[in-house]
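J.: what shape does this take:
(2 chains, ligands or ions: 4)
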There are 2 protein chains.
Amino acid sequence: MFLTSKSLTSVLRQYPIIKSEAPQRSPAMAGHLHNSEAFNYGVETWEAYKRGALSKDLVEEQKKVQEADLLIFQFPLFWFNMPAILKGWMDRVLVQGFAYDLSKAYDGGLLQGKLSLFSFTTGGGQEMYSKEGIGGDIRYVLWPMQHGIMHFCGVKVLEPHICYAPENVSEEKRKEMLAAWSQRLKTLWKEEPIDCSPEWYFK
Amino acid sequence: MFLTSKSLTSVLRQYPIIKSEAPQRSPAMAGHLHNSEAFNYGVETWEAYKRGALSKDLVEEQKKVQEADLLIFQFPLFWFNMPAILKGWMDRVLVQGFAYDLSKAYDGGLLQGKLSLFSFTTGGGQEMYSKEGIGGDIRYVLWPMQHGIMHFCGVKVLEPHICYAPENVSEEKRKEMLAAWSQRLKTLWKEEPIDCSPEWYFK
Ligand SMILES: Cc1cc2nc3c(=O)[nH]c(=O)nc-3n(C[C@H](O)[C@H](O)[C@H](O)COP(=O)(O)OP(=O)(O)OC[C@H]3O[C@@H](n4cnc5c(N)ncnc54)[C@H](O)[C@@H]3O)c2cc1C
Ligand SMILES: Cc1cc2nc3c(=O)[nH]c(=O)nc-3n(C[C@H](O)[C@H](O)[C@H](O)COP(=O)(O)OP(=O)(O)OC[C@H]3O[C@@H](n4cnc5c(N)ncnc54)[C@H](O)[C@@H]3O)c2cc1C
Ligand SMILES: [Zn+2]
Ligand SMILES: [Zn+2]
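T.: Ligands and ions are numbered 1, 2, ... in the order given. Okay, here's the model as predicted:
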């Protein structure tokens, strides 16, 4: 569940791994294939995008992205990563021609002008996710999501919002975490994006 | 497609994002919920594992893992990551109680004694995936997969096998890449696992 204040639009996918609307269920394209002899998912979706033949659910998601100024992805960390269902959203929605194109990537990506924010909960505690902790710096897991996906599409990235181990902390602490998030949302528009380069992640 | 020589077993998922067997389609559990008031995917699958109530397809995958000495994951790199369908396999199959448990993680993970190998193709060329390249060192993308998943479950990790940009290289070069892989497979059992610690990834 999520906020949608006047110009704050969020594209949100929670983790219904076993829910019926898993994006993988419906095909990405309607109609014939561009090259049925050698199927290539990237080529087929790109071609389908150009001829307006992407499947309806996918086009609807693309519209939401187009209209949004800010994409907030809220999820529980699953295997140092986003859950598969959210990864499926990325794989299906961010089609070539729509999100990036030949030589239109990174700072030149097609979704320029938008912001993104990765907000997630973990099972492990904060001390585990430090440079010396067994889980390593939490920023390491953000590289594929923030740099590899968002930056690649030209989307700027705000500081991530991480709630460590909500299952294990006190009710008191949980309330604090929610309050901190509400607080942050109030001034989100004044925040500067991070410098999404290797230094931010790996120092 | 893959090799299965005498003791070499591979658990392989290719990238049929739009195929019908997407693991997300079938529920992870059969029967009643442990706690239907506050649904928690991790808790429910753990409890279902303990009472033998995980869904059949999932149990079959777990059997394959149990029997394998070596898990080879072959996939095209999608968004600095494995495709969602393979991530869904990880999310669903590597259940608590089966792959790891309370204080049985990393070197103490429940899948100790097994090896793994991530073998993948890319769109970007090798020069792009260097420390100075826009994609950063390719090892950065391996952290969540190798350390966050395999090492977490106690599985040792062999050097990854990366075929850069098969779509863009010459037929000659493609043949070379296949030959190199065949060659490597012959002596795979003599290889030593990598030292799966932050140094390997981030130096
Ligand atoms: C397949 C799988 C893989 C996983 N892999 C990892 C991993 O690699 N690393 C890791 O660290 N963990 C991992 N986990 C654990 C997972 O990240 C946590 O279980 C999850 O993030 C907990 O959040 P939740 O919202 O699902 O908790 P819930 O059980 O829904 O919530 C627990 C309590 O916290 C409250 N709460 C939830 N979110 C917040 C919030 N943001 N602020 C305040 N209160 C809140 C709820 O109301 C409830 O009272 C994994 C779990 C699974 C199932
Ligand atoms: C949603 C999406 C996200 C993507 N994200 C990224 C990304 O983050 N980074 C990135 O670099 N790329 C990315 N790509 C590109 C993707 O990784 C490549 O398109 C894919 O790896 C190419 O391999 P393939 O086997 O699918 O090629 P195919 O089109 O099936 O094969 C091309 C040719 O190479 C041959 N071939 C295939 N594999 C081999 C091999 N191992 N050895 C020798 N010959 C071979 C085939 O027989 C064929 O002749 C993405 C693509 C998509 C669709
Ligand atoms: Zn970046
Ligand atoms: Zn490791």
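J.: tell me where chain A has strands.
T.: A:70-76, A:115-121, A:156-157, A:161-163 (DSSP state E).
J.: how near is the residue sitting furthest away from the middle of chain A to ligand 3?
T.: Centroid-distance maximum for chain A: residue A:37 at 32.8 Å, with C-alpha atoms, centre = their mean. Residue A:37 sits 37 Å away from ligand 3, going by C-beta to the ion, to the nearest Å. For the C-beta atoms, the positions are set from N, CA and C on the backbone; glycine is no exception.
J.: now swap in residue A:72 and tell me
T.: Here the criterion is C-beta to the ion. By it, residue A:72 lies 18 Å from ligand 3.
J.: on that earlier part again, CSV for the strands of chain A, including mean pLDDT?
T.: Rendered in CSV, the data for the strands of chain A read as follows (pLDDT from 0 to 100):
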stretch, mean pLDDT
strand A:70-76, 98
strand A:115-121, 98
strand A:156-157, 98
strand A:161-163, 98
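J.: dump those to CSV, plus distance to residue B:187.
T.: Conversion of the strands of chain A to CSV gives the following (distance: least, C-beta to C-beta, whole Å):
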stretch, distance to residue B:187
strand A:70-76, 41
strand A:115-121, 41
strand A:156-157, 43
strand A:161-163, 43
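J.: so which residues on chain A come close to ligand 3?
T.: Those residues of chain A that sit near ligand 3, judged by C-beta under 5 Å from the ion, are A:147, A:151, A:196.
J.: now with 8 Å?
T.: Among all residues of chain A, those adjacent to ligand 3 (criterion: C-beta under 8 Å from the ion) are A:106, A:146-147, A:150-152, A:157, A:196-198, A:200.
J.: can I get the buried ones among those residues as something I can paste into PyMOL?
T.: A single PyMOL command is used to select the members of the residues of chain A next to ligand 3 judged buried by 16 or more other C-beta atoms under 10 Å in any protein chain shown:
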select buried, chain A and resi 146+147+150+151+152+157+196+198+200
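J.: what about the residues of chain A next to ligand 3, which are in helices?
T.: Secondary structure from DSSP state H places A:198, A:200 of those in helices.
J.: report the residue spans of chain A with pLDDT below the cut-off.
T.: By pLDDT under 70, the low-scoring segments of chain A are A:1-27.
J.: at 90 what do you get?
T.: Along chain A, the parts satisfying pLDDT under 90 run over A:1-32, A:36.
J.: against residue A:116, how distant is the most centrally placed residue in it?
T.: By C-alpha atoms, centre = their mean, chain A has its centre lying nearest to residue A:73, at 5.0 Å. In this view, residue A:73 and residue A:116 are 7 Å apart by C-beta to C-beta, to the nearest Å.
J.: tell me, how many neighbours does residue A:119 end up with?
T.: The local packing count at residue A:119 equals 19, with neighbours defined by other C-beta atoms under 10 Å in any protein chain shown.
J.: before we move on, what about residue A:168?
T.: A count of nearby residues for residue A:168, using other C-beta under 10 Å, gives 11.
J.: which one is it nearest to, not counting chain neighbours?
T.: residue A:125 (7.2 Å; C-beta to C-beta, 6 or more residues apart in numbering or on different chains).
J.: quick one: contacts for that neighbour?
T.: Residues touching residue A:125, when contacts are defined by C-beta atoms under 8 Å, 6 or more residues apart in numbering or on different chains, comprise A:164-165, A:168.
J.: for chain A, which segments count as helices?
T.: Along chain A, the segments classed as helices by DSSP H run A:41-50, A:56-67, A:84-93, A:139-142, A:171-186, A:198-202.
J.: and ligand 4, is stretch A:140-153 touching that?
T.: No: in this structure, stretch A:140-153 remains apart from ligand 4 according to C-beta under 8 Å from the ion; the gap is never smaller than 11.2 Å.
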